[in-house]
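**Q** sequence plus predicted model, see below.
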Amino acid sequence: MKRITGILILIASIFIGCDSATEQNGYGNLVLHFEHRVDNSAAAYDMMIYENAAGNNYEITEIQWFISDPILIEKDGGEWPLGADDWIHYIDTDIESSIRWEISEKIQTGEYTGIKFTFGIKGERNTPGIFNDPPESNMIWPYHMGGDEGGYHYMKLNGFWMKGEIERTPFNFHVGVGQLYDQENNIIGFVQNWFESAISVSGFDVKDAGVTELKIVMNIESWFTGPHVYDHEVYGGKIMNNQEAMGKIKENGNNVFTLEVYEE
Amino acid sequence: MRNNTCLIYSKNFGKRIALCLFLLPLWMLSSCDNNEDILPEIPTPYVFEEVKHFPTQLNIPHQNPTTVEGVELGRYLFYDGRLSGRDHPDSLMSCGTCHIQSQGFEVSINHLKFTDGHPFGLPTPDYPEGKKTPHMTMPLFNLVYNSSGYLWNGFIHESNGQAGMEGFEFMGHDDLNYKYLESLVWMAIVADHEIAGSIEQTVEMIASIDKYKPMFKAAFGSEEVNIDRISKAIAQFVRTLVASNFKFYKYVRHEVELNPSELRGYELFFSEEADCFHCHSGSLLMTTNDYYNNAKDTVFEDSRDRFAVTNNLMHTGAYRAPSLINCEINGPYMHDGRFKTLDEVIDFYSEGLVYSDYVDPLMKNVREHGVLLTDEEKSDLKAFLLTLTDNELLTNPAYGPPSDIGEYLAR
């Protein structure tokens, strides 16, 4: 009897082992959605209805930005970097198709807890001329302001704020490679302002031949606070040549993104 | 697999090989005859050379592939004043009337007839002096790289779902209407501020010209003339007009150096201080081909602005940013030609901006009325703008009028 039981256990374990192996070797699909929110609600455009941490009333016209080098975080802490074909994606609030990114590479089945990505483009990848077609090519960052590792804006967030609380004034919240200037205002060096963001949920599965859909949320109000309060009255409408402003934005960026499992 | 004609390894090898030698030439001759009867003449595909730093996506509808023969036919029609459907010297008009090669395929302020740079159509009973165009002409180069819409307001765009002209179907391709360059040809023929003619008249006139018969056959497989083919041929020609041979382009390619003033102007152009590049850059087309309200006005009465296309209130008073290539010669400037010289344009962006609720946020200096350049900065900026002139475009015979159009050349 013990021998029969042993044989049955062995057969069962072989089958279970086979299932497990199949699961390990299976692959699923991944779709990333993007949403832009202010104060936990979907962003509304062209309306002067928001107030930032500095007390500036502001409105948003459009947001254009790059996400790059996405890596899925496995439950055990391991990483599943997405492939070369999926290294970068452009998001534009005026281009509906851009807020959905269907990853072309198959993802290994299993349990995951989050995603890590670069906001903008790492310096060594951000070379001038990598994009010749619009809309990506319209994100160009001037060569003399970014050098060989500063080809493109990371983000353009355009809008208006109530200057002095009375004058609707444009602002270009543009982030990219910063510059260091000498006393004669000559550029003597560059500062990379891209950063990595790691965001998570309690967990999600990638199933064999299934489609896993996640949503990356940009919480816009967070660009203007935590740890730094960003005041349009201080930095004005243009900051591409203001590393102090972009440095604060970079640090505030750590709290800007959150992750959700996508539900229609 | 056995060959039906020649069975080599057989008993009657000698007889069979003799039969083969007899039949083979007959078969070859008969095949040749059949090919000539059945196969149409196939136009030669036109190869667009890759231009580094220019977009790789070409705006060419699949219904109208570019061919060498189509381009050549289009070049003739582009310059043949009888496109108006009339052959009287006072009634000649074609694309080349307003889009002049030596002026960067615009009218410019040096035009013999349109002396202020603002063109008008052929005379009609309602407009005996000719009706002025609603907007200035736009330059006709590098259009193959533009997928963001044609005309100042982008009305002609692939996403445009409007049906064609009332009572008129686009000869088997009604999906071309208002979507591609092709549409602009028949629109120009019937518009009362341009040719002010009729499609039937134009087709009849072109069909009556013997020279065109073999050209239509070479381009489209038969001698039939219709508006679809006329539009397609001209669109093919216009797509080949490429301007990339300007000094700044060569500088980017490390082929030439800019002088100190041009270099300072270049850095100003691509800076937050003068901030031209956000609208006039992207690739080296020197435009994003996007639409902006650039703070020219406070009152908006033009029914053909970007708002007319999108119905988005924030697009009120917005127009496409034109390419700055050849801006040295192709004024007057802006959609309404309000500025005659480059100096006036620079002055406007320096201290002439006016705020409205519809101004584009990229005009971030609007509250200061402009970017407030010094005289030296203005001079440097202009020096840079002059590095955008492509003389090859202005003189290349392949883009110019055919020598044998003679008296019918559109002027």
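**A** Received, thanks.

**Q** for A:Val234, helix, strand, or coil?
**A** helix (DSSP: H, G, I helix; E, B strand; the rest coil).

**Q** element containing residue 76?
**A** Assuming you mean chain A. Using DSSP states H and E, A:Asp76 maps to neither a helix nor a strand.

**Q** let me rephrase: I mean chain B.
**A** Judged by DSSP H and E, B:Tyr76 forms part of helix B:68-79.

**Q** likewise A:Phe66?
**A** Using DSSP H and E, A:Phe66 maps to strand A:57-74.

**Q** just checking that strand against chain B, any contact.
**A** Yes. Counting by CB under 8 Å from any CB of the partner chain, chain B has neighbours in strand A:57-74: A:Thr61. Bear in mind the C-beta positions are built from the backbone N, C-alpha and C, glycine included.

**Q** list the buried residues for whatever helix or strand comes next after that strand?
**A** Next helix or strand after strand A:57-74 toward the C-terminus (DSSP H and E): strand A:79-81. Buried residues in strand A:79-81, counting neighbours by 16 or more other CB atoms under 10 Å in any protein chain shown, are found at A:Trp80.

**Q** before we move on, what about stretch B:404-411?
**A** By neighbour count with 16+ other CB under 10 Å, stretch B:404-411 contains the buried residues B:Ile405, B:Tyr408, B:Leu409, B:Ala410, B:Arg411.

**Q** ok, of those, which one's closest to chain A?
**A** Using CB to the nearest CB, B:Ala410 comes nearest to chain A of the buried residues of stretch B:404-411, at 32.9 Å.

**Q** list the contacts of that closest one.
**A** B:Tyr79, B:Asp80, B:Gly81, B:Leu83, B:Leu92, B:Met93, B:Ser94, B:Cys95, B:Gly96, B:Thr97 (CB atoms under 8 Å, 6 or more residues apart in numbering or on different chains).

**Q** repeat the analysis, applying 10 Å as the threshold.
**A** Neighbour list for B:Ala410: B:77-84, B:92-100, B:401 [criterion: CB atoms under 10 Å, 6 or more residues apart in numbering or on different chains].

**Q** now B:Ser147. Nearest residue, chain neighbours left out?
**A** B:Asn59 (4.7 Å; CB to CB, 6 or more residues apart in numbering or on different chains).

**Q** mean confidence for the helix or strand containing B:Ile234?
**A** Taking DSSP H and E as the definition, B:Ile234 sits inside helix B:227-239. When pLDDT is averaged over helix B:227-239, the result is 96.

**Q** any bit of that helix sitting next to chain A?
**A** No. Under the criterion of CB under 10 Å from any CB of the partner chain, chain A is not reached by helix B:227-239; the shortest gap measures 16.7 Å.

**Q** so that helix versus helix B:68-79, what angle?
**A** 90 degrees (axes from the mean of the first three to the mean of the last three CA atoms, to 10 degrees).

**Q** next SSE downstream of helix B:227-239?
**A** Downstream of helix B:227-239, the next assigned helix or strand under DSSP H and E is helix B:247-252.

**Q** name the helices or strands packed onto the helix holding B:Ile234?
**A** Judged by 3 or more CB pairs under 10 Å, 6 or more residues apart in numbering or on different chains; DSSP states H and E, helix B:227-239 is in contact with helix B:68-79, helix B:95-98, helix B:181-190, helix B:199-207, helix B:212-220.

**Q** between helix B:181-190 and that helix, find me the angle.
**A** 110 degrees.

**Q** got the angle for helix B:227-239 vs helix B:212-220?
**A** 70 degrees.

**Q** what about helix B:227-239, distance to the chain center?
**A** Its chain's C-alpha centre and that of helix B:227-239 lie 10 Å apart, by CA atoms, centre = their mean, to the nearest Å.

**Q** quick one: that helix to helix B:199-207, angle?
**A** Using the same axes, to 10 degrees, helix B:227-239 lies at 70 degrees relative to helix B:199-207.

**Q** tally of neighbours for the closest residue to chain A within the stretch 101-250 of chain B?
**A** Closest to chain A within the stretch 101-250 of chain B is B:Ser148: 6.9 Å, counting by CB to the nearest CB. B:Ser148: 19 surrounding residues under other CB atoms under 10 Å in any protein chain shown.

**Q** what sits against the closest residue to it other than its chain neighbours?
**A** Closest residue to B:Ser148 apart from its sequence neighbours, by CB to CB, 6+ apart: B:Asn289 at 4.0 Å. B:Asn289 sits next to A:134, A:138, B:55, B:142-143, B:145-150, B:154, B:279, B:282-283, B:320-323 when contact means CB under 10 Å, 6+ apart.

**Q** what score does B:Asn289 have for pLDDT?
**A** 96.

**Q** what helix or strand does whatever residue of the stretch 1-150 of chain B ends up closest to chain A sit in?
**A** With CB to the nearest CB as the measure, B:Pro55 is the residue of the stretch 1-150 of chain B nearest to chain A, at 4.6 Å. Assigned by DSSP H and E, B:Pro55 belongs to neither a helix nor a strand.

**Q** contacting residues for it?
**A** Neighbouring residues of B:Pro55 by CB under 10 Å, 6+ apart: A:131-134, A:137, B:142, B:144-147, B:282-285, B:289.

**Q** which of those residues are buried, as a PyMOL select command?
**A** Here is the PyMOL selection string for the buried members of the contacts of B:Pro55, based on 16+ other CB under 10 Å:
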select buried, (chain A and resi 131+132+134+137) or (chain B and resi 142+144+145+146+282+283+284+285+289)
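
**Q** tell me the least confident of the contacts of B:Pro55?
**A** Within the contacts of B:Pro55, lowest confidence goes to B:Gly282 (80).

**Q** what about the helices in the stretch 101-250 of chain A?
**A** For the stretch 101-250 of chain A, the helices defined by DSSP state H, counting those that start in this stretch occupy A:143-146, A:232-235, A:243-252.

**Q** among the ones you listed, which is nearest A:Ile49?
**A** Closest approach to A:Ile49 among the helices of the stretch 101-250 of chain A (CB to CB): helix A:232-235, 15.6 Å.

**Q** buried sites along that closest one?
**A** A:His232, A:Tyr235.

**Q** for that helix, packing partners?
**A** Judged by 3+ CB pairs under 10 Å, 6+ apart, helix A:232-235 is in contact with strand A:155-163, strand A:167-175, helix A:243-252.

**Q** what about the nearest residue to A:Asn57 once chain neighbours are set aside, how many residues nearby?
**A** Nearest residue to A:Asn57, sequence neighbours excluded (CB to CB, 6+ apart): A:Met162, at 4.2 Å. Using other CB under 10 Å, A:Met162 is surrounded by 18 other residues.

**Q** A:Met162: what's it in contact with?
**A** A:Met162 touches A:Met48, A:Glu51, A:Gly55, A:Asn56, A:Asn57, A:Tyr58, A:Glu59, A:Arg168, A:Thr169, A:His232, A:Glu233, counting by CB under 10 Å, 6+ apart.

**Q** which one of these sits closest to chain B?
**A** When those are compared against chain B (criterion: CB to the nearest CB), the nearest one is A:Thr169, at 5.2 Å.

**Q** so what's the closest one up against?
**A** Shown in contact with A:Thr169 (CB under 10 Å, 6+ apart): A:58, A:159-163, A:232-233, A:236-237, B:355, B:361, B:364-368.

**Q** swap in A:Lys238?
**A** A:170-174, A:245, B:271-273, B:275, B:362, B:364-365.

**Q** mind checking which of the helices and strands packed on helix B:227-239 is nearest A:Trp223?
**A** Across the helices and strands packed on helix B:227-239, the minimum distance to A:Trp223, taken as CB to CB, is reached by helix B:181-190, at 41.5 Å.

**Q** leaving out chain neighbours, which residue sits closest to B:Gln57?
**A** The spatial neighbour of B:Gln57 that comes closest, neighbours along the chain excluded (CB to CB, 6+ apart), is A:Asp133 at 5.1 Å.

**Q** and the pLDDT at A:Gly226?
**A** Looking at A:Gly226, the pLDDT reads 89.

**Q** neighbours around it, how many?
**A** So A:Gly226, with other CB under 10 Å, has 16 neighbours.

**Q** circling back to that earlier point, just the buried ones among the contacts of A:Thr169, please.
**A** A:58, A:159-163, A:232, A:236-237, B:355, B:361, B:364-367.
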